[in-house]
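Student: I would like to see how this sequence folds:
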Amino acid sequence: MLTGDDVGRAFTIFDPLDKGYLVEEDAGLLIQALIGDLTAEELHATVKAMDVECNGRILRHDFERLVMRKSMEHSVTEDVWRSFLCLTRNGQKLDIATIRAFCETTRCVSMNDLDALVRHLATHDGSATITYETWKRVITALSQ
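Tutor: This next block holds a predicted model:
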């Protein structure tokens, strides 16, 4: 996981004259190096979001703030995917019984919330299994 110091040091390498900003192209290269595995659309949107003044310059504090947020989002997505893979045998669907056992073991939700969650998931598509996208929504909701 990236730290603020990591991002600051990396910014300094791309801004050796300490101007306090990067041009969009350099910011894009640095984001890709720091975070990696972003689609072209995600990278473009992230760089554009950093250009707060819409002048083609990415200020250091905007860069650091948004890279740290994007890094955290990326890390959470990877963790949710890994948890789904760990709980499924084929990486396709997760059965309700496994979810119940996981939640009971980790105590990540109360028993009442677990029962409500299981009822909701069991009726979500009429089956006793859920896809990764549903698992991601569940985990995201539980973490808030």
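
Student: which helices and strands sit right next to the lowest-mean-pLDDT helix or strand in the chain?
Tutor: In the chain, no helix or strand scores lower on mean pLDDT, DSSP states H and E than helix 111-124, which sits at a mean of 70. If you count contacts as 3 or more Cβ pairs under 8 Å, 6 or more residues apart in numbering; DSSP states H and E, helix 111-124 packs onto helix 96-106, helix 132-142. Quick note: C-beta positions are derived from backbone N, CA and C, even for glycine.

Student: so for Leu114, which of those helices sits nearest?
Tutor: Across these, Leu114 has its closest neighbour in helix 96-106 (4.9 Å, Cβ to Cβ).

Student: may I see the buried residues of that closest one?
Tutor: Residues of helix 96-106 classed as buried: 96, 99, 103 (neighbour count, 16 or more other Cβ atoms under 10 Å).

Student: the spatially most central residue of the chain in helix, strand or coil?
Tutor: For the chain, the residue sitting closest to the mean C-alpha position, by Cα atoms, centre = their mean, is Glu73 at 2.4 Å. At Glu73, secondary structure determined by DSSP: H, G, I helix; E, B strand; the rest coil is helix.
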